[in-house]
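Novice: Fold the stuff below for me.
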Amino acid sequence: MYKSVIIADDSMFMRNLLKSYLSTSFYQVVAEASNGCEAVSLYKKYSPDVLLLDLTMPCKDGLAALKEIMEYNPKANVIICSAMGQKSLIIDAVSLGAKDFIIKPNFHKLIPALHHLFQYNNL
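Specialist: As a prediction, this is how the structure comes out:
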């Protein structure tokens with residue numbers, strides 16, 4: 001059974017890279033967002049199993065988008081994928097409800113993080 005994923009990153013290169021990682025497993029990208037406003041809108045439209053969210057994006061940054069999504073759905077599965085790996089940002093993201101934080105370009109950790117998330121939550 002495929003899990004639905006939305007990728008939110010302002011870089012098309014990063015979105016394509018993430019899609020290539022996901023295509024090797026049981027994850028189906030249902031939508032892509034190039035900014036935080038689109039990420040929130042697409043999350044509400046598709047209610048994906050997981051949202052991969054960058055922090056540095058136009059319109060609305062990832063933390064603001066995360067906060068809005070968690071207010072909309074407190075059980076949302078959001079994994080932050082960002083080059084901004086400062087400890088304070090990781091703590092902020094997790095305290096707002098992010099399930100994990102992958103520091104770019106360590107995408108080899110993405111599939112194990114997704115498997116752990118769904119196994120841990122029995123999804």
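Novice: what helix or strand does the spatially most central residue of the chain sit in?
Specialist: Central residue of the chain (CA atoms, centre = their mean): Leu52, 1.5 Å from the mean position. Using DSSP states H and E, Leu52 falls within strand 50-53.
Novice: Which secondary structure elements does that strand sit against?
Specialist: strand 3-8, helix 36-46, helix 62-72, strand 78-82, helix 110-120 (3 or more CB pairs under 8 Å, 6 or more residues apart in numbering; DSSP states H and E). Placement of C-beta: from N, CA and C, glycine included.
Novice: hmm, back to that, how about the contacts made by the residue nearest to the centre of the chain?
Specialist: Neighbouring residues of Leu52 by CB atoms under 8 Å, 6 or more residues apart in numbering: 5-9, 18, 79, 81, 110.
Novice: how near is it to Val5?
Specialist: To Val5, Leu52 is 6 Å away according to CB to CB, to the nearest Å.
Novice: what do you get for Leu96?
Specialist: 20 Å.
Novice: Looking at those two, which is more packed in?
Specialist: More crowded of Leu96 and Val5, by other CB atoms under 10 Å: Val5, with 23 against 19.
Novice: Which neighbours do Leu52 and Val5 have in common?
Specialist: What both Leu52 and Val5 touch, as defined by CB under 8 Å, 6+ apart, is an empty set.
Novice: what about the protein, any weak spots by pLDDT?
Specialist: 85, 120-123 (pLDDT under 70).
Novice: Try it again at 90.
Specialist: 1-2, 20-26, 81-92, 100-123 (pLDDT under 90).
Novice: Just among the contacts of Leu52, which is most surrounded?
Specialist: In these, the most neighbours by other CB under 10 Å go to Ala8, 31 neighbours.
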